[in-house]
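Trainee: give the three-dimensional model of this entry:
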Amino acid sequence: MLDLAILGLLKEQPLHGYELKKRLGETLGFLWGVSYGSLYPALRRLERDGAIEIVLEPAPAVRVPPTGSLTGDLAAARRAGAARRAKANRRTRKAYRITDRGEQLFTELLLADDASADDEKSFALRLAFCGHVPLAARLELLERRRTALAARLERTRRAGADRWSRVGTERPVPAARDRYTRALVEHRTKSTQRDLEWVEELIAAERAADDDEHPASEPVAPQPTIGTPREGAPA
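Mentor: Predicted coordinates for the structure are as follows:
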């Protein structure tokens, strides 16, 4: 997921390590806890795989405004030379840029059908970068999420039904505890149902937008052939 997030952010523009860490925190949220200790190894790995490349920033030019006097211009030139030498001695800032291989890897990671299909954070991250892939890929991701949610909803309902069917056949449970357990199951069921409806709305919106962009062509009425007499008309 970290590789996917890095590539997704670099698709928008080249970024420095500090900027990447900041943007990753905004995109992934504080619960992911992206640190420099995890970011830079990921960047080195992506660079080694050819997915990203380093872009060196040119040092900004030092302009010497004229002072109107020879002595002042010489002094300003000396100061500018010292400033250029100081800048040359500083560590060059590196920015990272996605490559063609990175573009391909990004799509592969976004559409990967793995065990994280039912994970909330994984889907949220994929959805955040969904606009970078074509409609067919977006629909594939959303439909896979719909399938995962439908399966989760069925499991939750079945587990709840099994639990309530065993009530009275096992050791008695305190009424308050049983009430809150039931409320928790109902909450999970309703939350999953709302998520499922939301994903279905996204799928419908994607298909409607595609229909607007590519409307079906209307059938053209056949035109009478020139010289052919109409029905009922004298020959």
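Trainee: so how far is residue 119 from the closest residue to residue 113 other than its chain neighbours?
Mentor: Distances taken as C-beta to C-beta, 6 or more residues apart in numbering put residue 144 closest to residue 113, at 6.6 Å, once the chain neighbours are dropped. C-beta: built from backbone N, CA, C; applies to glycine. Counting by C-beta to C-beta, to the nearest Å, the gap from residue 144 to residue 119 is 12 Å.
Trainee: and for residue 97?
Mentor: In terms of C-beta to C-beta, residue 97 sits 29 Å off from residue 119.
Trainee: quick one on the thing from earlier: of residue 144 and residue 119, who's got more company?
Mentor: Set residue 144 next to residue 119 and count neighbours by other C-beta atoms under 10 Å: residue 144 wins out with 17 against 14.
Trainee: next structured bit after the helix or strand hosting residue 18?
Mentor: Secondary structure assigned from DSSP states H and E places residue 18 in helix 17-28. Of the helices and strands lying after helix 17-28 in sequence (DSSP H and E), the nearest is helix 36-48.
Trainee: which parts of the chain are helices?
Mentor: Using DSSP state H, the helices of the chain run over 2-10, 17-28, 36-48, 70-89, 100-110, 120-128, 135-165, 175-213.
Trainee: let's have these in a markdown table, adding mean pLDDT.
Mentor: Below are those laid out as a markdown table (pLDDT from 0 to 100):
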| stretch | mean pLDDT |
| --- | --- |
| helix 2-10 | 93 |
| helix 17-28 | 85 |
| helix 36-48 | 93 |
| helix 70-89 | 59 |
| helix 100-110 | 94 |
| helix 120-128 | 86 |
| helix 135-165 | 84 |
| helix 175-213 | 85 |
